[in-house]
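Q: turn this into a model:
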Amino acid sequence: QVQLVESGGGLVQAGGSLRLSCAASGRTFRYGTMGWFRQAPGKEREFVAAVNWSGGNTAFADSVKGRFAISRDNAKNTVYLQMNSLNAEDTAVYYCAADAAPLGTATMFEAAYDYWGQGTLVTVSS
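A: So this is what the prediction gives:
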């Protein structure tokens, strides 16, 4: 059974940082794109960041560019989201997603992702 398990969420003050992790089990995503999405209260889920299999291709939502970084450790089947300069608008449940298809590019489209985690809550206090 494939599982994506997010961790690292929590409460942080505005201007602070958090690092989210997403560990995959049940199969390797060494050659698949992995991404992060988020859903704020009362809003639809939105794209945050993605990284291709090699780490050489990344994509970010405009709202997080320059503040967030995405990386992966294929040996650990894990993807990370480093979030800096957090503000109240970053408050959301953050979801990890993985594309089972190999060698794709970093994509913002939800339909490209085959597996999803349960989410981890990030709350930024102002």
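Q: let me know the pLDDT of the most centrally placed residue in the chain.
A: In the chain, the centroid-proximal residue (Cα atoms, centre = their mean) is residue 36; its distance is 2.3 Å. pLDDT, residue 36: 98.
Q: burial count for residue 54?
A: Other residues near residue 54 come to 11 when the count uses other Cβ atoms under 10 Å. Placement of C-beta: from N, CA and C, glycine included.
Q: surely it is within a helix?
A: No: under DSSP: H, G, I helix; E, B strand; the rest coil, residue 54 sits outside any helix and is assigned coil.
Q: quick check on it: phi, psi?
A: phi -90, psi -10 (degrees, to the nearest 10).
Q: can you mark which positions in stretch 63-73 are buried?
A: Across stretch 63-73, burial judged by 16 or more other Cβ atoms under 10 Å covers 64, 68-70, 72.
Q: no wait, stretch 106-113
A: So for stretch 106-113, counting by 16+ other Cβ under 10 Å, buried means 106-107, 112-113.
Q: can you list those in TSV and add distance to residue 11?
A: Formatted as TSV, these follow (distance: Cβ to Cβ, whole Å):
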residue	distance to residue 11
106	29
107	31
112	32
113	28
